[in-house]
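Student: got a structure for you, letters missing:
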């Protein structure tokens, strides 16, 4: 491999077509045009959202006038639109070397730093911009967002941001945060997320943004979702695969994070990723893996995607409110991939809780955890089922037999007790209840919420 990205397709029938630039959008080198004409071409292309052509035009201008702060600022703006944030930052910083008070370069430095999760640097640049234009609403809002995300990145989340904020008042995404956790390999479980020190009940373990999220209109023809499992069909997952492939083409680091996840093969479990790598936001770095393998990404989605269904009734809407779901389209269902969350193992008596906030996930300890103890979540929506039903469900969906404390205890119960549990479960389903009492020695009450955010299976 020469380090360039490519697409591997094992079967022509499995081709997934990604968004491509039209011929008119391709960068074109225009010669024998003076600086002003070339700049005008770049401006026109930018306004028409033909960003590759705008980039080529501005780069030609920069060759003629390498100290033009206007061109450097414009190049930063184009790179931001093209989501090449490291290059956008470089152009904006080059502009500030010429004029350290240039307002647009300061602002665009702030944008690039924000996109790279460098919130402290974003605050510095946006503060300098605000000092020059204290009454500019856009810059004031940008500075407030940077301050908020800087605070969140330390694990401090303002309840007003999560519960009471009006749309648009706070940043659309939460800042990533990793608390006292690490990734290790545990005997019989493989890769696991464990706590590095004693954790109190309710304490935040980590916050993560999705690599990609796909929204699907649940009303469209052929779409079905199992409200019990939150399982989405191949239509929704195919959309997520396309989005992840595009993410991988733009950002090799994100692609490597994808490929660090289980894809159904033993080979994918041979190494344990470092938590700093899984949580990395470095963009533009080339790694050893640069092939976009859609078949592999599809398998990764199958075993690792999370999602939720649309609110079909009042009960579901109440459950979604409990999960802090803030979806602008109530008729949409979503499917997403979270690298760190994907490494948290399942338990039928989970000790951690997932909350979904505008596409991001917050994971908290559901009870006190001891240093070295594994954090677990549930991949199922309904935990009130019998051990036979739960194990069958998990085996079909994720190819493993659950051996958590609850399953181990229930599997060893006398037949008459198992029959009684099955009878109670059937009565609960008929009456719409969702709570069952189980004594595993560690947890005596399991709340079975059929509308929990949970892992998908295909």
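Tutor: On my side now, so go ahead. Quick caveat: nothing in here was measured; it's all calculated off a predicted structure. Numbers count the residues shown, from 1 in each chain.

Student: how about the strands in the stretch 1-150 of the chain?
Tutor: Shown for the stretch 1-150 of the chain, the strands assigned by DSSP state E, counting those that start in this stretch span residues 6-8.

Student: So the residue lying closest to residue 352 once chain neighbours are set aside versus residue 182, what's the distance?
Tutor: Distances taken as C-beta to C-beta, 6 or more residues apart in numbering place residue 375 nearest to residue 352, at 4.7 Å, with adjacent residues excluded. For glycine as for every other residue, the C-beta is placed from the backbone atoms N, C-alpha and C. Residue 375 is 10 Å from residue 182, where distance means C-beta to C-beta, to the nearest Å.

Student: Please apply the same query to residue 127.
Tutor: 35 Å.

Student: where are the low-confidence patches of this protein?
Tutor: Of all residues in the chain, those with pLDDT under 70 make up the ranges 1-32, 161, 163-171, 216-236, 280-290, 308-332, 431-458.

Student: Give me the nearest residue to the residue nearest to the spatial centre of it, chain neighbours excluded.
Tutor: By C-alpha atoms, centre = their mean, the mean C-alpha position of the chain lies nearest to residue 210, the distance being 0.5 Å. Setting aside the residues directly before and after it, residue 210 is nearest to residue 336 in space (C-beta to C-beta, 6+ apart), at 3.9 Å.

Student: re earlier: more neighbours: residue 375 and residue 182, which one.
Tutor: The neighbour count for residue 375 versus residue 182, taken as other C-beta atoms under 10 Å, is higher for residue 375 (24 against 15).

Student: what's the more buried one in contact with, if anything?
Tutor: Going by C-beta atoms under 8 Å, 6 or more residues apart in numbering, residue 375 touches 181, 193, 194, 195, 205, 344, 351, 352, 363, 365, 369.

Student: re earlier: assumed the residue nearest to residue 210 was part of a strand.
Tutor: Yes: assessed with DSSP: H, G, I helix; E, B strand; the rest coil, residue 336 lies in a strand.

Student: Check whether it really touches residue 307, as I assumed.
Tutor: Yes: if you go by C-beta atoms under 8 Å, residue 336 and residue 307 touch, sitting 6.5 Å apart.

Student: Compare neighbour counts for the two and give me the winner.
Tutor: Each of residue 336 and residue 307 has its neighbours counted (other C-beta under 10 Å); residue 336 has more, 28 against 25.

Student: and that one, what are its bridge partners?
Tutor: Residue 336 has the following beta-bridge partners by DSSP bridges: residue 213, residue 306.

Student: Begin at 513, not 1, for the rest of this chat.
Tutor: Yep, numbering from 513; the last one is residue 848 now.

Student: Spit out the contact partners of it.
Tutor: Applying C-beta under 8 Å, 6+ apart, we find residue 848 in contact with 722, 723, 724, 725, 726, 752, 817, 818, 819, 871.

Student: swap the cut-off to 7 Å and go again
Tutor: 722, 724, 725, 817, 818, 819, 871 (C-beta atoms under 7 Å, 6 or more residues apart in numbering).

Student: which one among these gets closest to residue 584?
Tutor: Closest to residue 584 out of the contacts of residue 848 is residue 724 (31.1 Å), distances taken as C-beta to C-beta.

Student: what are the phi and psi angles of the residue nearest to that closest one when sequence neighbours are not counted?
Tutor: Closest residue in space to residue 724, ignoring its immediate chain neighbours: residue 755 at 4.0 Å, by C-beta to C-beta, 6+ apart. The phi/psi pair for residue 755 (degrees, to the nearest 10) reads phi -70, psi -40.

Student: ditto for the one 5 residues further on
Tutor: In terms of degrees, to the nearest 10, the main-chain angles of residue 760 are phi -60, psi -40.

Student: wait, it sits on residue 771?
Tutor: No: taking C-beta atoms under 7 Å as the definition, residue 760 is not a contact partner of residue 771, at 8.7 Å.

Student: Same drill for those two, tell me which one is more crowded.
Tutor: Taking other C-beta under 10 Å, residue 760 and residue 771 do not tie; residue 760 has more neighbours (28 against 19).

Student: Spit out the contact partners of the more buried one.
Tutor: Residue 760 sits next to 766, 767, 770, 804 when contact means C-beta under 7 Å, 6+ apart.
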